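A.B. asks: How does the following fold in three dimensions:
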Amino acid sequence: MIQKLLRSNFIKLSKYFAEFLLLTEGSEEWVKVTPLRKAWHYLVLLVILKFFYTYILASFLSQQFGSIYAFVLFHRIFSILILLALLYLVLYVIYLHYRYLFATGLDLRFKNIPLFYMLIILVYSQLYSSFYFLDPKLFYYPDPIIIASENIVALGLRGYLLTLDFATYSSAVSFALSYPRISSNSIYISLLNISQLIINVVLISLFISTFVQKISDKYHK
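C.D. replies: As a prediction, the model looks like this:
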């Protein structure tokens, strides 16, 4: 009974937090559209759960089982699955958002596109680093900040530097640019690169479409 109550309150709290973020950012139209509001809530909820799992639960469990191969493998694959779910939700929110806005012409703003772009960069950079820890041979990374091992160890400051390294790589990939420090060394990462590039092309198209529609609306007023 207590667990059910806590779970219910946590979901309600995450829902209120998600809507608060929308209203603070100025996206009142998002709150009014039920499918979009729900998708955004699921996205925020998954981000909270990802944070809880990565920095609290997994951190605690790794102290006990961090040297056990089965646990390490499970943790790294599960982290990738969470990130893939996050990527799906980000893309679904983008789809619902622009499907509604282009249908109604309401609340079309350029700042939403950089927000989505940064989310995509962040999720892909986390995906790349997670795949690196799963199998370092998937990348050509001759001078790694951290050498991936079979155990889970505390990364400290180097962990942030590694995150920055893969974030830079992710940013470069989104514009089909090379990054001297990191490159793909497998078909799987190359396919991931292509998917990110396609998404970025779509975001650029949305930016152009938003600009054209704003000009059109201004002309017809």
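A.B. asks: who does the nearest residue to residue 141 once chain neighbours are set aside bridge with?
C.D. replies: Of all residues beyond its chain neighbours, the one nearest residue 141 is residue 182 (5.2 Å), with distances taken as CB to CB, 6 or more residues apart in numbering. The C-beta positions use only the backbone N, C-alpha and C, and glycine is treated the same way. As for beta bridges, residue 182 partners with residue 179 under DSSP bridges.
A.B. asks: Could I get the contacting residues of residue 182?
C.D. replies: Shown in contact with residue 182 (CB atoms under 8 Å, 6 or more residues apart in numbering): 128, 139-141, 165-166, 169.
A.B. asks: Would you list the phi and psi of the residue nearest to residue 53 when sequence neighbours are not counted?
C.D. replies: Excluding its sequence neighbours, the residue lying closest to residue 53 (CB to CB, 6+ apart) is residue 82, at 7.1 Å. For residue 82, the backbone dihedrals (degrees, to the nearest 10) come out as phi -60, psi -40.
A.B. asks: Tell me which residue is most central in the protein.
C.D. replies: Centroid check for the chain by CA atoms, centre = their mean gives residue 123 as the closest residue, at 2.8 Å.
A.B. asks: Find me the pLDDT at it, would you?
C.D. replies: Looking at residue 123, its pLDDT reads 95.
A.B. asks: measure the closest residue to it other than its chain neighbours to residue 144 for me?
C.D. replies: Computed as CB to CB, 6+ apart, the closest residue to residue 123 that is not its neighbour in sequence is residue 87, at 4.9 Å. Distance, residue 87 to residue 144, using CB to CB, to the nearest Å: 24 Å.
A.B. asks: At which residues are the strands of this protein located?
C.D. replies: Remark: strands assigned in the chain by DSSP state E are 139-140, 183-184.
A.B. asks: can the ones you listed go into JSON lines with extra columns for mean neighbour count?
C.D. replies: Below are the strands of the chain laid out as JSON lines (neighbours: other CB atoms under 10 Å):
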{"stretch": "strand 139-140", "mean neighbour count": "18"}
{"stretch": "strand 183-184", "mean neighbour count": "18"}
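A.B. asks: Out of the helices and strands in the chain, which is least certain?
C.D. replies: Every helix and strand in the chain was compared by mean pLDDT, DSSP states H and E; the lowest is helix 2-25, with a mean of 58.
A.B. asks: related to what we said a few turns ago, could the strands of the chain be laid out in TSV, adding distance to residue 200 and mean pLDDT?
C.D. replies: Listed next are the strands of the chain as TSV, based on distance: least, CB to CB, whole Å; pLDDT from 0 to 100:
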stretch	distance to residue 200	mean pLDDT
strand 139-140	20	96
strand 183-184	16	96
